[in-house]
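*Asks:* model this:
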Amino acid sequence: MAIPERPVRHPGKRRFAGIGLALVGLTLAGLPMAQAGANAATAEPASRPWDAYNLAPAGRTVIPVRVTRTTGTVSSSTALLHGRPTTLTGSGSSITLDFGEEVGGLASLHFTTANVAGQQLGLAFSESSQYIGPTSDASNGGAGADGAIYAGVTPGADWTMPQASLRGGFRYLTLFATSDGPITLDRLSVAVSFAPTMANLRDYDNYFYSSDPLLNRIWYAGAYTVQTNTISPSTGRVWGPPTVGWNNSGTVGTGDTVLVDGAKRDRTVWPGDLGVSVPTEYASLGDLTSTRNALTTLYQHQATSGELPFAGPQVNFYGSDTYHLWTLLGTASYYQYSHDKAWLDGEWSNYKRALAYSLSKIQQDGLMSVTGTADWARSDQGGENIEANALLHQALMTGSALAGAEGDQVSASAWKSTGDTVGAAVNNLLWDDSAGEYRDNPTSELHPQDGNSAAVWFGLAPADRAKRVSAALTTNWNAYGATTPEKNSEIATFPGSMELQAHLQAGDATRALDLMRREWGYMLNSPLGTGSTFWEGYLANGQFGYGGAYMSAAHGWATGPTSALTFYVLGIRPGAVTGGYSIRPQPGDLATAQGSLRTPLGDIKLAWQHDVSDRTFTEQVNAPTAAVDEIDVPTFGGTTEVTLNGKRVWNGRSGLAYGAHIENGYVVLHGAPARATIRSREVGHVPTTLAVAATATPTAPVQAGHTLTVPVTVTAQGDTVLRGTVTAQLPAGWTADPANFSLDTRDGPTDTVVPLTLHAPNDAASGPQSIDITAAVGHVTAHVSTPLLVFGSWPKGTTASASSAHAPNVFQGQQRTYDAANAIDGDLGTFWNDDTPGQFPDTLTVATPSPLTLHGVGFASVIDGVPTDFAVQTWDGTAWTTQAQVSGNSALDRWIPFSGPVTTSQIRLVVTASQTQNGNYTRVAELTP
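*Replies:* Take a look at the predicted model:
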């Protein structure tokens with residue numbers, strides 16, 4: 001399997017070609033050059049190099065571009081591509097045609113007069129090359145296979161698929177004979193059905209173009225994915241599913257165009273998907289009508305309780321607190337992008353009922369408790385969940401702004417106050433400082449991708465925590481993308497899209513671009529995909545998820561890079577819900593970027609170039625009057641001088657015009673002209689500095705003879721490429737693998753997460769330890785200490801017994817046992833489980849073959865049965881002596897010290913109370929010396 005396409009970095013050389021290209025692009029885009037002045041005329045570009053990346057067909061009729069394979073007897077197989085006869089002879093003979101990218105619609109073909117009546121030709125469709133054959137990939141959602149559709153051969157006649165058999169998304173079309181006689185056809189085409197109201201499918205309102213061709217491909221693939229998800233409301237998936245085949249004649253929305261979740265399936269309005277696809281559609285196509293119709297459809301199906309659908313018609317599922325909230329966020333986004341006050345007026349009472357429905361679930365501690373547990377396919381939704389509470393906080397903050405637009409000041413004030421309360425509760429009750437992330441809920445050890453990403457993306461996490469979350473999320477990356485802990489560590493592109501926004505919101509553009517190239521570059525370049533659209537999700541090894549053939553390979557929730565590149569990297573950022581935009585580029589490792597965004601006030605155009613060799617950054621802005629509230633010029637950590645249209649406005653220390661001042665590494669300007677050229681130049685050397693921190697403090701114990709990887713965040717500033725090493729001062733007998741890093745500080749202050757792998761010896765001493773970590777670049781160093789909990793090993797021949805043990809069972813398809821021996825086997829994944837729920841005491845006794853001298857014991861439990869009150873006792877030959885008494889415990893793992901060394905051959909745990917969830921059992925994963 002190919003690994004993701006990544007840029008090759010050559011310090012001192014990597015930007016040269018890109019800058020030249022950008023200068024051409026700036027001229028082509030008609031944006032004012034530095035010497036042209038603020039009033040230079042804007043001409044239509046003579047050439048548009050970004051159009052080469054646009055994947056939309058030039059017309060509504062498309063034909064295949066190649067033959068992928070044939071079976072049986074097929075003569076002149078490629079002739080069909082050129083309007084000449086191709087013949088299939090014999091039942092089972094087939095030809096698979098490749099359209100080169102995702103398409104969708106109704107296929108038509110023409111049989112020549114040479115045919116004999118009574119023959120039959122089958123048609124089967126597939127998005128992926130993996131499922132080519134006489135049976136289509138899966139879409140109907142039921143137990144029956146999609147199968148194929150069949151055309152009766154009439155000599156000299158045309159044949160078109162029935163409307164209900166419209167196939168919304170496919171790349172490959174297999175034609176196969178089901179009869180023996182020869183079948184000859186000389187024409188085949190597909191009438192494209194998506195984006196039904198676009199007269200010119202390639203005429204996007206906006207564009208993006210940078211010095212990285214892969215990122216350009218990614219931006220346009222995201223746009224095209226959402227374009228294929230924009231359908232006529234009468235061509236959605238019928239639900240319930242047919243027993244065989246598929247039926248796309250269902251009415252799934254209002255109006256004449258609507259934004260659904262996927263091209264092939266489900267072809268239904270899903271509110272969570274809109275959280276990503278709506279910003280994509282706005283940033284690229286500029287089509288807000290499909291968004292409005294999708295939202296209107298959801299409000300039309302609102303329950304009397306105020307609850308909004310989990311999925312729109314024809315599915316009409318309910319029972320999701322998160323998807324309910326995504327509709328409210330989509331409402332705010334649509335209004336922000338469109339300023340459609342009339343529509344908001346019409347839905348305002350419905351919006352208020354919907355928000356009241358969510359507010360009723362806020363508990364006394366300030367957090368919402370999820371009872372509608374349906375969600376995007378993650379596990380363990382429910383309770384005081386971080387994702388749901390981050391969505392609620394954002395709904396309250398944006399709802400307050402909408403209320404202001406509606407003149408409803410009472411709601412505006414109340415919702416803002418409640419939002420502040422929810423935000424404080426999230427940061428007080430769900431933040432796990434040792435992990436540098438938010439817990440899934442207050443009692444969980446899970447740190448989910450979705451909730452942590454949403455908390456940062458929506459500004460709920462304070463800036464320092466946002467940076468820590470951004471770093472911690474990278475510890476889940478592999479060669480194919482960002483894995484998702486809350487979905488079996490698969491690669492889920494919906495929370496992955498959220499994670500991209502989170503890295504950028506935290507100010508780490510280089511990290512976000514790395515993830516785009518890794519995950520979205522993989523999807524584009526994988527031979528499994530369409531080469532043009534992004535997937536619903538996939539396994540950690542790069543193979544299809546969601547049942548394989550059922551997976552949607554053109555799914556709007558996977559298109560996060562498109563809006564991220566426009567809003568953050570290019571830097572045309574929508575501001576307040578009620579209006580205003582900012583210009584705030586985040587170049588990362590790019591040399592140049594340019595693009596546009598159509599707003600209710602007119603088009604904003606922006607181009608910038610970053611030249612690291614002469615330490616300059618230039619922005620050309622062309623915007624409608626009063627559309628841009630502020631322009632932020634990156635300093636890349638250095639002391640810079642800024643000019644606007646040739647006039648100095650910032651001298652490196654103080655502002656000279658436009659209220660120039662420094663905020664978070666940017667020179668901020670207010671009231672700048674609508675058309676301007678802004679140039680910054682570094683005027684002083686940036687000294688090299690380093691900082692190092694444990695990305696996540698290890699909370700799980702490291703066991704003697706095992707290894708532990710500690711993620712270490714190294715942060716640097718300077719004006720060159722730094723190469724260094726992370727080392728650790730370790731206890732005697734421990735070792736660490738070399739951990740090298742490279743940081744390009746020419747792009748400004750930056751950081752990276754370095755995995756430091758430690759090896760504990762077989763005789764590692766038990767108990768708390770502390771390791772000193774050092775990051776070094778030449779003579780510049782930084783240090784940090786981090787704690788470790790070490791568990792020792794029992795000697796061979798040690799046994800365990802218990803007061804009772806639960807019988808074996810099958811859990812998630814795996815046979816599991818719960819014997820006392822599990823508590824001494826050195827495996828934290830197994831555990832002893834008593835068999836008397838709610839009845840105490842429960843005892844676990846460990847016997848060693850010869851006496852040991854103990855200074856304490858290591859204790860580990862599992863999340864849903866932690867002993868809260870217990871004693872640790874040792875046998876002195878005649879009686880049990882209590883060496884430690886614990887009450888009110890909530891820790892999964894801990895060291896329990898004795899007041900002094902004790903020599904014994906038997907140790908007993910006596911549990912008198914455990915956490916009550918999941919049956920009120922006692923569960924012990926390990927008891928160690």
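
*Asks:* for Ala672, give me its contacts.
*Replies:* 621, 628, 630-631, 644, 658, 678 (Cβ atoms under 8 Å, 6 or more residues apart in numbering). The C-beta positions use only the backbone N, C-alpha and C, and glycine is treated the same way.

*Asks:* closest one of the residues you listed to Thr484?
*Replies:* Glu630 (35.5 Å; Cβ to Cβ).

*Asks:* the contacts of Ala672 in helices, which ones?
*Replies:* Counting by DSSP state H, no part of the contacts of Ala672 is found in helices.

*Asks:* including distance to Val777, could the residues you listed go into TSV?
*Replies:* Converted to TSV, those look like this (distance: Cβ to Cβ, whole Å):
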residue	distance to Val777
Val621	37
Val628	39
Glu630	35
Ile631	34
Leu644	36
Tyr658	38
Ile678	33
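
*Asks:* can I get those residues in TSV with distance to Asn478, pLDDT and neighbour count?
*Replies:* Formatted as TSV, the contacts of Ala672 follow (distance: Cβ to Cβ, whole Å; pLDDT from 0 to 100; neighbours: other Cβ atoms under 10 Å):
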residue	distance to Asn478	pLDDT	neighbour count
Val621	39	98	25
Val628	40	96	27
Glu630	39	95	20
Ile631	39	97	28
Leu644	45	98	24
Tyr658	46	97	22
Ile678	40	98	25
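
*Asks:* give me the sheet partners of the helix or strand hosting Ala775 and which way each runs.
*Replies:* Secondary structure from DSSP states H and E places Ala775 in strand 767-777. Using DSSP bridges, the strands paired with strand 767-777 in its sheet are strand 721-729 (antiparallel), strand 780-791 (antiparallel).

*Asks:* hmm, who's touching the first one?
*Replies:* Outside of strand 721-729, the residues within contact range by Cβ under 8 Å, 6+ apart are 11, 688, 690, 692, 710, 712, 714, 716, 736, 738-746, 754, 756, 758, 771-778.

*Asks:* and the strands paired with strand 767-777 as TSV, adding distance to Leu123?
*Replies:* Shown next, in TSV, are those (distance: least, Cβ to Cβ, whole Å):
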stretch	distance to Leu123
strand 721-729	55
strand 780-791	61
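
*Asks:* burial count for the residue nearest to Ala395 when sequence neighbours are not counted?
*Replies:* Nearest residue to Ala395, sequence neighbours excluded (Cβ to Cβ, 6 or more residues apart in numbering): Leu328, at 4.3 Å. A count of neighbours around Leu328, defined by other Cβ atoms under 10 Å, yields 25.

*Asks:* wait, Leu328 touches Ala356, no?
*Replies:* No. Applying Cβ atoms under 8 Å as the test, Leu328 and Ala356 come out as separate, 11.1 Å apart.

*Asks:* shaky segments in this structure?
*Replies:* Applying pLDDT under 70 to the chain picks out residues 1-46, 812.

*Asks:* so for it, the centremost residue is which one?
*Replies:* Centrality entry for the chain: nearest residue to the mean C-alpha point is Gly496, 1.1 Å, by Cα atoms, centre = their mean.

*Asks:* longest strand of the protein?
*Replies:* strand 86-111 (DSSP state E).

*Asks:* C-terminal to that one, what's the next element?
*Replies:* With DSSP H and E, the next secondary element past strand 86-111 is strand 120-126.

*Asks:* what lines up beside the helix or strand following that next one in the sheet?
*Replies:* Per DSSP H and E, strand 120-126 leads on to strand 149-152 as the next helix or strand towards the C-terminus. Note on strand 149-152: by DSSP bridges, its sheet partners are strand 120-126 (antiparallel).

*Asks:* for the strand it pairs with, buried residues please.
*Replies:* Neighbour counts over strand 120-126 (16 or more other Cβ atoms under 10 Å) mark 121-126 as buried.

*Asks:* so how far is that strand from its chain's centroid?
*Replies:* For strand 120-126, the separation from the chain centroid amounts to 35 Å (computed by Cα atoms, centre = their mean, to the nearest Å).

*Asks:* hmm, who's touching it?
*Replies:* Residues contacting strand 120-126 (Cβ under 8 Å, 6+ apart): 88, 107, 109, 132-137, 147-153, 161, 167, 170-179, 183, 185, 549.

*Asks:* repeat that for 6 Å
*Replies:* With contacts defined as Cβ atoms under 6 Å, 6 or more residues apart in numbering, strand 120-126 is touched by 132, 134-137, 148-152, 167, 170, 172-176, 178-179, 183.

*Asks:* can you select the buried ones from those residues in PyMOL?
*Replies:* The buried subset of those, as determined by 16+ other Cβ under 10 Å, is captured in PyMOL by this line:
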select buried, resi 132+134+135+136+137+148+149+151+167+170+172+173+174+175+176+179+183
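
*Asks:* same list (the strands paired with strand 767-777) but as JSON lines, adding mean neighbour count and distance to Gly671.
*Replies:* Formatted as JSON lines, these follow (neighbours: other Cβ atoms under 10 Å; distance: least, Cβ to Cβ, whole Å):
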{"stretch": "strand 721-729", "mean neighbour count": "17", "distance to Gly671": "38"}
{"stretch": "strand 780-791", "mean neighbour count": "17", "distance to Gly671": "41"}
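
*Asks:* Gly306: which of those strands is closest?
*Replies:* strand 780-791 (47.3 Å).

*Asks:* now the element after the closest one, going C-ward?
*Replies:* Going down the chain from strand 780-791, the next helix or strand is strand 799-802, by DSSP H and E.

*Asks:* for the very next helix or strand once past that next one, buried residues please.
*Replies:* Remark: after strand 799-802, the chain's next helix or strand is strand 809-811, criterion DSSP H and E. Going by neighbour count (16+ other Cβ under 10 Å), nothing in strand 809-811 comes out as buried.

*Asks:* how far out from the middle of the chain is strand 809-811?
*Replies:* Counting by Cα atoms, centre = their mean, strand 809-811 comes out at 32 Å from the chain centroid.

*Asks:* show me how far the helix or strand just after that strand is from its chain's centre.
*Replies:* The C-terminal neighbour of strand 809-811 among helices and strands, as given by DSSP H and E, is strand 814-816. Relative to its parent chain, strand 814-816 has a centroid offset of 32 Å by Cα atoms, centre = their mean.

*Asks:* direction included, what does strand 814-816 pair up with?
*Replies:* strand 809-811 (antiparallel).

*Asks:* if we can go back for a sec, of the buried residues of strand 120-126, closest to Asp514?
*Replies:* Using Cβ to Cβ, these come closest to Asp514 at Ser126, 31.6 Å.

*Asks:* please work out which residues outside stretch 756-764 touch it.
*Replies:* So stretch 756-764 is contacted by 702, 704-710, 712, 726, 733, 735-737, 739, 790 (Cβ under 6 Å, 6+ apart).

*Asks:* much appreciated, bye for now.
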